[in-house]
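# Below: sequence and its predicted model.
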Amino acid sequence: MITFVQIILVLATAVEAFTATSQQIALLGEIHGLKSSFVPLESTRRRPQNRNGYRVFLLRCDEAIEDESEDVSLSGNQWDGHREKVGSACHGESSLSTRRSFLLAATAAVALSYIPFTANASDKRLEEISLGTAKWNNAAASNSFSQLPSDARSFVSTSFAVYFARFLIHYDNGAAAWWNNLSNSYSLLSPSEVQRREGIAFGCFAYSIQVALYSLIAGNGQNEYRDIHSSDAVTKEKYLALFNGMVENYGGREDALRNIALLFAMLPPKYQPVEEMANKCGEVVRKAANSSTVTPENGRKNTSKLIAFKPLPFEFQQNYASLLPSNYQPLYSEITKSFTITPRISMSETAITEQSTSTFTTTFGPISSQPLSRERPDLSFNFYALLGLSGGAGCALTHTLVIPLDVVKTRMQTNPGEYDGIFDGAASIAKKEGINSLFLGTQATIVGYLWYGVSVYPSYAFFKRFIGDQILSPAFAVAHADDVALIAGAMASVIASLGLTPIEACRIRAVAEPDVYRPLGLMGTLGVIQNEDSSSGWKNLYSGLPSLMTRQVIFGSVKFLAFERSSEAIFGVWPELRDATYTALGVSLVAGGFSGALSSVISQPADSILTYVAKKSSGGNLGILDGARMMIQEEGVVSLFRGLSSRCVWAGCIIAGQFLLYDVFRAMFGITGNDLNQVFEVALTIDG
């Protein structure tokens, strides 16, 4: 199937082909699964080769094809075929060369859509782990231990679980494919940020593995759990079954037996399947050369002859897919009847706290206190509908509560200089027109912002996922996460503006001229505006669309991004605030207030122009640029920021309330953060 992006690729190539007269097309199409993008030819000489896709060049005639051949991830036969085609296009008859180039470009774009995507570990997924069954479960319904029992590490040591996770990433096709894809998605980040994110992801994966190991060894049933406490033999038997399963699934791979033996040498001697290790890993284990260095009392080397721990290579510490170098060997002692590792390795653990999770650092890497998780890859229509209901209820309620602030803000913009400030404006309006005047435009406010919430919140969630998952490559989406959030917020605001514009025009008129429009109500005001110019009709309702859309696009995009980043910053400093519902809602309130104030400052000029255009435009002919020019000429540049203080207070209050109530209503509808996330769960399979 030809994707939309590939159609754009062909069309763009056609334009270039039929307009070029002195040279042929230089086409660079980087086709990665369902994704394509144009990159300047010069930049490809500096980019590392993408291991997960194919690069095809139709070079300029004066370029040597052979010079670029190393940049193309095609086999020799495939490249030869493309080279012949490009050569014929560059050196054929001049009257047909341009058309041939176009046809070849189109053919290449379409043909490559059928070339299979290749990854280092095939097309395996993390769920296809060989040593058991695994799946992504909804976090709300997950059976994973939120916190392992205090004695869990006596059965499954942290070092054992972390090295087990390394082993899977190195040898298991599913785990290796997941890790390669994850690493590739970080390829555009700085090295320090890559290391930080990989450390977090690996730590969470290691915790999921530790939970799986504990479930295997200790069992989920209370009766079996008590048996484990009373019998080390049962624990050893289960480790023996795990050892046999690893040998069966991975033992035939290069150096796997040595690493399996090293892994089980990390267990306490009473749990080690010594006989099976000696039988199945006999070629990679050796006996202690000097048994006198081991004491039978504690199974440890005599401190008088203790060899200092050697630091592991830097590459091992930085690359979580690597395993212990070949000089590390499993060593069997006749005295202790168990295995150790030589050279000696520290098995110490250090507890630290990073961001919102507690983490243990070990010699082999970090392990988190939270399982591996991800956003749900797909949301049903019901989810988006409930997000819309939550957003609509939150927006309508919060805007209703701050209607007096909105009335004062609008009056300060339509009647500049009449009020000294927001409090003076409120007092003057109430004194001169009655307290009810502070609630002008209530009907339009409720209807308009009910629509706004119903449309903008689910649209933002949809576009953020769609852009990141379907349009951009994973690496670009991760590196430009802020840009994705801004674009998603802008697109959601465009949709919201289409329904909000006519309602907002009615609200402004009801507030600015209450004697005329208050008796008419919302529907009557809509009819009056529509009939002001019979030739335009309903288009009159959208005379303020450019200005309102500009304001909403700026405000909405900044609002979502500022809220998400401020929430992350607060939780990063005080991670314990996530633990209780009321503290988490408090964070939403504070972050919402900050995002609202910041968004109001940035979008204030467009908001002032909106009010001016709605007031001055009687025939629907005054646009945003003309309105801005007239406003500046009549009242000066300062008029663009008139009423900023009241708008900051208004926006801070209303956006804080929006996000607070949005979270409250989502929880009521059963859509919490856990409902939108999935956790990785593994059930290790053993025989016996």
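Structure's in. What do you need?
# so residue 680 touches residue 206, yeah?
No: using C-beta atoms under 8 Å as the test, residue 680 is too far from residue 206 to be in contact (11.3 Å). In short, each C-beta sits where N, CA and C put it, glycine included.
# between those two, which one's more packed in?
residue 206 (30 against 25; other C-beta atoms under 10 Å).
# so who does that one touch?
161, 162, 164, 165, 365, 366, 367, 368 (C-beta atoms under 8 Å, 6 or more residues apart in numbering).
# repeat that with 6 Å
161, 162, 165, 367 (C-beta atoms under 6 Å, 6 or more residues apart in numbering).
# Mind checking which of the residues you listed are in helices?
Secondary structure from DSSP state H places 161, 162, 165 of the contacts of residue 206 in helices.
# Pick the one among the contacts of residue 206 closest to residue 451.
residue 367 (47.5 Å; C-beta to C-beta).
# Could you give the bridge partners of the closest one?
residue 360 (DSSP bridges).
# What about it, how many residues nearby?
25.
# Tell me how far it lies from residue 166.
To residue 166, residue 367 is 11 Å away according to C-beta to C-beta, to the nearest Å.
# ok, the residue lying closest to residue 406 once chain neighbours are set aside - contacts?
For residue 406, ignoring the flanking residues on the chain, the nearest one in space by C-beta to C-beta, 6 or more residues apart in numbering is residue 650 at 6.2 Å. By C-beta under 6 Å, 6+ apart, the residues touching residue 650 are 402, 405, 409.
# out of those, who has the most neighbours?
residue 409 (26 neighbours).
# That residue: what's it in contact with?
643, 646, 647, 650.
# how about a markdown table for the residues you listed, with distance to residue 277, secondary structure and pLDDT added?
Shown next, in a markdown table, are the contacts of residue 409 (distance: C-beta to C-beta, whole Å; DSSP: H, G, I helix; E, B strand; the rest coil; pLDDT from 0 to 100):
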| residue | distance to residue 277 | secondary structure | pLDDT |
| --- | --- | --- | --- |
| 643 | 77 | coil | 74 |
| 646 | 75 | helix | 72 |
| 647 | 72 | helix | 77 |
| 650 | 71 | helix | 75 |
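# Turn the buried ones among those residues into a named PyMOL selection, would you?
Buried subset of the contacts of residue 409, written as a PyMOL selection, criterion 16 or more other C-beta atoms under 10 Å:
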select buried, resi 643+646+647+650
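# ok, back up a step: for residue 680 and residue 206, list the residues in contact with both.
Common neighbours of residue 680 and residue 206 (C-beta under 6 Å, 6+ apart) do not exist.
# for the helix or strand harbouring residue 201, which positions count as buried?
Element membership for residue 201, per DSSP states H and E: helix 191-218. Within helix 191-218, the residues scored as buried using 16+ other C-beta under 10 Å are 194-195, 197-218.
# what are the ranges of the strands in the chain?
27-31, 54-58, 120-123, 132-138, 286-287, 329-333, 338-342, 350-354, 357-362, 365-368, 373-375, 677-684 (DSSP state E).
# what angle separates the longest one from strand 132-138?
If you take axes from the mean of the first three to the mean of the last three C-alpha atoms, to 10 degrees, strand 677-684 sits at 160 degrees to strand 132-138.
# Counting by contacts, list what the helix ranked longest in the chain packs against.
If you go by DSSP H, the chain has its longest helix at helix 581-616. The helices and strands touching helix 581-616, judged by 3 or more C-beta pairs under 6 Å, 6 or more residues apart in numbering; DSSP states H and E, are helix 545-573, helix 624-635, helix 644-668.
# These into TSV, with extra columns for distance to residue 252?
Below are the helices and strands packed on helix 581-616 laid out as TSV (distance: least, C-beta to C-beta, whole Å):
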stretch	distance to residue 252
helix 545-573	45
helix 624-635	69
helix 644-668	50
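# hey, least reliable of those helices by pLDDT?
Out of the helices and strands packed on helix 581-616, helix 624-635 stands lowest, with a mean of 82 (criterion: mean pLDDT).
# what packs against it?
Using 3+ C-beta pairs under 6 Å, 6+ apart as the test, helix 624-635 ends up in contact with helix 581-616.
# Now do stretch 409-425: distance to the chain's middle.
Taking C-alpha atoms, centre = their mean, to the nearest Å, one finds stretch 409-425 lying 43 Å from the centre of the chain it belongs to.
# Buried residues in that stretch, which are they?
409, 410, 411, 412, 413, 414, 419, 422, 425.
# Can I get it in CSV, CA atoms only?
Provided in CSV are the C-alpha atoms of stretch 409-425 (Å, rounded to 0.1, in the frame of the first residue of the first chain):
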residue,chain,number,x,y,z
LYS,A,409,-11.2,42.1,31.2
THR,A,410,-13.4,42.6,28.2
ARG,A,411,-14.7,46.0,29.4
MET,A,412,-11.1,47.1,30.0
GLN,A,413,-10.3,46.3,26.4
THR,A,414,-13.4,47.7,24.9
ASN,A,415,-13.4,50.9,27.1
PRO,A,416,-9.7,51.7,27.7
GLY,A,417,-8.9,54.1,30.5
GLU,A,418,-12.3,53.8,32.2
TYR,A,419,-11.1,51.6,35.0
ASP,A,420,-8.0,51.8,37.1
GLY,A,421,-7.6,48.0,37.5
ILE,A,422,-9.4,44.8,37.8
PHE,A,423,-10.9,45.4,41.2
ASP,A,424,-11.9,49.0,40.4
GLY,A,425,-13.5,47.7,37.2
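# biggest separation within the buried residues of stretch 409-425, which pair?
414 and 422 (14.8 Å).
# quick one: contacts for the nearest residue to residue 456 once chain neighbours are set aside?
Nearest residue to residue 456, sequence neighbours excluded (C-beta to C-beta, 6+ apart): residue 496, at 4.2 Å. Shown in contact with residue 496 (C-beta under 6 Å, 6+ apart): 452, 455, 456.
# same thing with residue 647?
Counted by C-beta under 6 Å, 6+ apart, residue 647 has contacts 409, 600.
# What separation do you get for it and residue 494?
According to C-beta to C-beta, residue 647 stands 22 Å off from residue 494.
# and if you look at residue 430?
37 Å.
# These two - which one has more neighbours?
Set residue 430 next to residue 494 and count neighbours by other C-beta under 10 Å: residue 494 wins out with 17 against 14.
# Next up, the contacts around the more buried one.
Contacts of residue 494 (C-beta under 6 Å, 6+ apart): none.
# can you check the one 3 residues further on too?
Contact analysis of residue 497 by C-beta under 6 Å, 6+ apart lists 548, 549, 552.
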